[in-house]
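Visitor: From the sequence below, what's the structure:
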Amino acid sequence: MADKFLLEIGTEEIPDWMIPPALDELRELFTKLLADNELSGEVTSVDASPRHLVLRAGGLPVKQADKDELLTGPPKQAGAKAAGGFAKKQGAAVDDLQVVQTEKGEYYAIRKEIPGRQTRDILARSLPQLILKLYWPKTMYWTGPGGPRFIRPIRWIVALLGDDVVPFELAGVQSGNLTYGHRRLGGARVPVTVENHEEQLEKNRVIVSAAKRRARIEAGIAGLLDGTDLAVKPDEGLLQILTYLTEYPTPILGGFDESFLDLPKEVLVTVMRHHQRYFSVVKPGGTLAPHFIAVMNIGADPDGLVREGNERVLRARFNDGRFFWDFDQRQKLAGRVEELGSVTFHAKLGSYLDKAKRMVAIVESLGGGEDAKRAALLAKCDLTTEMVGEFPELQGIIGGLYAKSQGETEAVGDAIYDHYKPNSMEDGIPSTADGRLVALADKIDTLRECFRIGAVPTGSKDPLALRRAAQGVVKILVEGGLTHRISELANGGEQLAAFFLDRIRYYYRDVRGFAYDEVNAVLAAGSDDLPDVEQRLTAITAVRPTADFEPIAASFKRIKNILSQAGFDGGGEVAIELLREQEEQELYRTFLTVREDVEGRRAKREYQPALEAIASMRPQVDSFFDEVLVNAEEPDVRQNRLTLLAGLLNEFSSIADFSEIVTAKG
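Guide: Predicted coordinates:
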């Protein structure tokens, strides 16, 4: 007989962003608990609201399977007295013992049946430790110093195996079958079963399923805008936040005075999104409408009191934004440059004025013109503004807007506006050439200077977000088609160059989805010019499915192994008179023809036909290995054949190192 299991950890409100990773870990920990205790069954779901972490499992047995075990005692040579002691300890007679042969000799042993433990008892013993093992970025004591730590105080625990409570205690909280509904709309101490748990909570205005809460938000928004020409501004991140901030979400439509639309949309959207967690509403064509959508954590707002409260708060925040905009205009960005000297970039790296000057120098070294250099100088000036002081999410963006409103060129304003991009792998790169140069300069300066003082990421720790900076550099170079050399950007720093290489590998493998061995093959042939890397990767992906490619790759791997075992590092010219066999003569003639073709195509970056030409040598390479003994007895012949193979390997590995390709032949 198999039972269903339910675990609910009831807490004070957990921060929304911490919930999904905690659920993943809860699933893993419980799966491990089952495996460690040799229990069948599996986790069927994990879900959560801000106050309810829920795990469900199915197929759990009532007890572990009984075991028939052979228990080994003392060696036979220890004598009858030792055998008697062992038998007594096992509750058996000496006659019940048997002698078994082991690696160490003959030993007394007894076969015993070990009854399996009750699943309920195993869970009761294991669950307190499992709950406290959940990782949280921050934890707290709530029963006093030295007590258990959790993200928030645990207030109740539901633990049910079938119809039975799994009894245990954690931090003074006794497990049971009682949960709690919505703080304002639901009941306290609501009895539940494994089967009706979700239904009972929903009756008490807690929707446990995040998917259902999300769908309720989306349906509510659609209903509010039905029959209008308005649309919600898509925001997947905000939708995720609100899903895990609420237990019974209900969207409401609010409005604000149209006069606020005179402010830049970036200011309005930032206030609504980041400070109030409202969705923006747009008109046809994408311009902002004087409306917003908030999501309540209650079922309805019949008198409009919640809507009015949200409108009042938003009006005050918009007034703040208007004040800061007007106040900041009293001083131009150019007049703020010297103020950057009092804003610390890093305790060991000086001020933002120092950084701005370095950024200008980097932009110049990258070939940037006057607009790019001007943008680099002014890019960080908005850090001294009241607007960024109040709304730090507007860094760069507000600087770009101020630049345009204060008479700087469009190119300068756009470059400042975009220079923090990309903020993630999903974010776009700066929209202009000048913006890309300024963004590169900003990130490169941070990387160079931090590596110079040894502030390098270790393990998962990266407090200065250097991985994100390097990833941004890679993304800009590739997607912007910029040929600036990685070695030059690293400024000769081997450690930084290796750091870039790791990020390049991650970008192509994990972000772009290229096969790992293709990435390794291409990067082994050179990683300095990223647009060139992109072209070579695209070519090798296109050619790989062809019939000759993997066999020729396997042959190149064989060539590399032969040369390595022979200790041959290449060099020298093939002596035609020493090519004794027809197959090696044919391979050499084909090599010369293909080499000329490949060199021409490589110069034009026509990598796909170049790779196809290399793969076309498969018949000659196969015949060579089938009919020619590389390690010939005559030293000069052997040397000549190794020279031929080294020529093939070196000449054709400048596009990709074929030996890195994983093939069926290894």
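
Visitor: so where's this structure uncertain?
Guide: By pLDDT under 70, the weakly predicted segments of the chain are 1, 664-666.

Visitor: Which residue is the nearest non-sequential neighbour of the most far-flung residue of it relative to its centre?
Guide: Residue farthest from the centre of the chain, counting by C-alpha atoms, centre = their mean, is A80 at 63.9 Å. Nearest residue to A80 in three dimensions, chain neighbours excluded: V94, at 7.4 Å (C-beta to C-beta, 6 or more residues apart in numbering). All C-beta spots, glycine's among them, are computed from the backbone N, C-alpha and C.

Visitor: Contact partners for the one you found?
Guide: A80, A83, G84, A87 (C-beta atoms under 8 Å, 6 or more residues apart in numbering).

Visitor: ok, the residue farthest from the centre of the chain to T458 distance?
Guide: From A80 across to T458, the span is 61 Å (C-beta to C-beta, to the nearest Å).

Visitor: Closest one of the contacts of V94 to G567?
Guide: Comparing the contacts of V94 against G567 with C-beta to C-beta places A83 closest, at 62.5 Å.

Visitor: neighbours of that closest one, just the number please.
Guide: Neighbour count for A83, taken as other C-beta atoms under 10 Å: 18.

Visitor: again, but for the one 4 residues further on
Guide: One way to gauge burial is a neighbour count; for A87, by other C-beta under 10 Å, it gives 18.

Visitor: tell me which element it is part of?
Guide: For A87, the enclosing helix or strand under DSSP states H and E is helix 80-89.

Visitor: Now do the buried residues in that helix.
Guide: By neighbour count on 16 or more other C-beta atoms under 10 Å, the buried set for helix 80-89 is A83, F86, A87.

Visitor: With stretch 224-239 instead?
Guide: Residues of stretch 224-239 classed as buried: L224, L225, L230, A231, V232, K233, D235, L238, L239 (neighbour count, 16+ other C-beta under 10 Å).

Visitor: How about stretch 361-370?
Guide: Within stretch 361-370, the residues that qualify as buried are I362, V363, E364, L366, G368, counting by 16+ other C-beta under 10 Å.

Visitor: From what I see, the fourth one and A441 are in contact.
Guide: Yes. Under the criterion of C-beta atoms under 8 Å, L366 makes contact with A441 at 7.1 Å.

Visitor: element containing the nearest residue to A542 once chain neighbours are set aside?
Guide: Closest residue to A542 apart from its sequence neighbours, by C-beta to C-beta, 6+ apart: Q608 at 5.4 Å. If you go by DSSP H and E, Q608 is part of helix 607-615.

Visitor: chain center to that helix, what's the gap?
Guide: The chain centre lies 35 Å from the centre of helix 607-615; the measure is C-alpha atoms, centre = their mean, to the nearest Å.

Visitor: quick one: contacts of that helix?
Guide: 535-536, 538-540, 542-543, 546, 548-549, 552, 594, 597-598, 601-602, 652, 655-656, 658.

Visitor: Give me the buried subset of those residues.
Guide: Buried, going by 16+ other C-beta under 10 Å: 535-536, 539-540, 543, 548-549, 552, 594, 597-598, 601-602, 652, 655-656, 658, out of the contacts of helix 607-615.

Visitor: so what's F5 up against?
Guide: With C-beta under 8 Å, 6+ apart, F5 has these contacts: G41, L55, R56, A57, G58, L60, L123, L160, L161, G162, V166, V194.

Visitor: buried ones in the host helix or strand of the fifth one?
Guide: The secondary structure element spanning G58 is strand 52-61 (assigned by DSSP H and E). Neighbour-count burial for strand 52-61, with 16+ other C-beta under 10 Å as criterion, is recorded at H52, L53, V54, L55, R56, A57, L60, P61.

Visitor: With the flanking residues excluded, which residue is spatially nearest to P531?
Guide: Here the residue nearest P531, using C-beta to C-beta, 6+ apart, is G481, at 5.1 Å.

Visitor: now do L642
Guide: F568 is the one closest to L642 (C-beta to C-beta, 6+ apart), at 4.6 Å.

Visitor: Quickly find the element holding the one you found.
Guide: Going by DSSP H and E, F568 is not in any helix or strand.

Visitor: How much space separates the residue nearest the centre of the chain from A490?
Guide: The centroid of the chain falls nearest to D510 when counting by C-alpha atoms, centre = their mean (8.8 Å). Per C-beta to C-beta, D510 is found 22 Å from A490.

Visitor: returning to what we had before: which residues does the helix holding A87 contact?
Guide: G73, P74, P75, K76, A93, V94, D96, L97, Y108, I110.

Visitor: Quick check: next helix or strand after the biggest helix by length in the chain?
Guide: Ranked by residue count and defined by DSSP state H, the top helix of the chain is helix 305-328. Remark: after helix 305-328, the chain's next helix or strand is strand 344-346, criterion DSSP H and E.

Visitor: Could you please name the strands the helix or strand following that following strand pairs with and the direction of each pair?
Guide: Using DSSP H and E, the helix or strand that follows strand 344-346 in sequence is strand 350-351. Its sheet considered, strand 350-351 pairs with strand 344-346 (antiparallel) by DSSP bridges.

Visitor: Any idea how far apart the tips of stretch 92-101 sit?
Guide: Distance across stretch 92-101, first residue to last, is 21 Å (C-alpha to C-alpha, to the nearest Å).

Visitor: Now it: buried residues?
Guide: Buried residues in stretch 92-101 (16+ other C-beta under 10 Å): L97, V100.

Visitor: cool, and stretch 146-166?
Guide: The neighbour-count check on stretch 146-166 (16+ other C-beta under 10 Å) flags 148, 150-152, 154, 156-162, 165-166 as buried.

Visitor: re earlier: quick check, nearest of the buried residues of strand 52-61 to G285?
Guide: H52 (42.2 Å).

Visitor: contacting residues for that closest one?
Guide: Applying C-beta under 8 Å, 6+ apart to H52 gives the contacts E8, I9, G10, T11, T179, L201, V206, V208, E247.
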